[in-house]
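> after the sequence you'll find the predicted model.
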Amino acid sequence: MKTFIFLLLIITTTLQAENSQWEKLIIEKILHSISHQSALKVYTEDTNLKEKLSSADNIHFTQSCDDATFVLATYKQKCKKPKIVFNYKDYLHSPEAIAVFFWQKGRPTIRFSSKRLEEFGLKVTGELSKFVSSK
């Protein structure tokens with residue numbers, strides 16, 4: 001029984017680490033497909049997100065929302081910068097949310113708002129352009 005619990009713990013930890021790595025790669029891809037800047041300034045209050053993206057290439061965290069190019073947040077934050085949110089309800093209710101990334105049934109789901117991208121003068125390029133929605 002102890003062996004089974006130990007094995008289950010190892011598998012769970014491994015899966016969480018893999019999921020975290022996938023999230024890092026997807027968020028990086030989202031940010032770089034929207035912006036052509038080599039170094040992106042990102043603001044977030046989420047410490048887990050900062051940890052995941054700490055080793056990301058060309059993504060630097062700012063202390064102030066005003067200095068950021070993008071915000072990784074919930075819709076409740078009062079910042080008039082383009083936001084990438086992680087909950088579909090936040091995406092629907094936040095006028096600054098240009099993109100949403102969340103897990104649904106074990107699969108990553110990404111959606112961009114063409115209207116909101118246009119309002120900020122942004123455009124999705126590359127392979128993620130197929131996730132732009134006009135709704």
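Noted; the coordinates are in hand.
> distance from the helix or strand where residue 91 lies to the middle of the chain?
Secondary structure from DSSP states H and E places residue 91 in helix 88-93. Helix 88-93 has its C-alpha centroid displaced from the chain centroid by 14 Å (C-alpha atoms, centre = their mean, to the nearest Å).
> so for it, mean pLDDT?
Helix 88-93 shows a mean pLDDT of 89.
> just checking, what packs against it?
In this structure, helix 88-93 makes packing contacts with strand 97-104, strand 107-113, judged by 3 or more C-beta pairs under 8 Å, 6 or more residues apart in numbering; DSSP states H and E. C-betas here are computed from N, CA, C, even on glycine.
> near the spatially closest residue to residue 80 that is not a sequence neighbour, how many other residues are there?
Of all residues not flanking residue 80 in the chain, residue 96 sits nearest, at 6.4 Å (C-beta to C-beta, 6 or more residues apart in numbering). Residue 96: 19 surrounding residues under other C-beta atoms under 10 Å.
> give me the number of residues near residue 59?
20.
> and what of residue 44?
When neighbours are counted by other C-beta under 10 Å, residue 44 registers 21.
> now it: closest residue in space that isn't a chain neighbour?
Leaving aside its sequence neighbours, residue 44 sits nearest to residue 72 (C-beta to C-beta, 6+ apart; 4.1 Å).
> wait, doesn't the one you found sit right on residue 42?
Yes: using C-beta atoms under 8 Å, residue 72 is in contact with residue 42, at 6.0 Å.
> if we can go back for a sec, ok, and what's touching the helix holding residue 91?
74, 75, 85, 97, 99, 100, 102, 109, 111, 113 (C-beta atoms under 8 Å, 6 or more residues apart in numbering).
> hang on, the earlier thing: winner for burial among the helices and strands packed on helix 88-93?
Neighbour counts (mean count of other C-beta atoms under 10 Å) averaged over each of these peak at strand 97-104, with a mean of 20.
> dump that strand to PDB, keeping only the CA atoms.
Only the C-alpha atoms of strand 97-104 are listed here, as PDB (Å, rounded to 0.1, in the frame of the first residue of the first chain):
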ATOM      1  CA  ALA A  97      -9.000  40.800 -22.400                       C
ATOM      2  CA  ILE A  98      -7.500  40.200 -25.900                       C
ATOM      3  CA  ALA A  99      -6.900  36.500 -25.300                       C
ATOM      4  CA  VAL A 100      -7.900  33.600 -23.000                       C
ATOM      5  CA  PHE A 101      -6.000  30.500 -22.200                       C
ATOM      6  CA  PHE A 102      -7.500  27.700 -20.000                       C
ATOM      7  CA  TRP A 103      -7.600  23.900 -19.700                       C
ATOM      8  CA  GLN A 104     -10.800  22.200 -20.800                       C
END
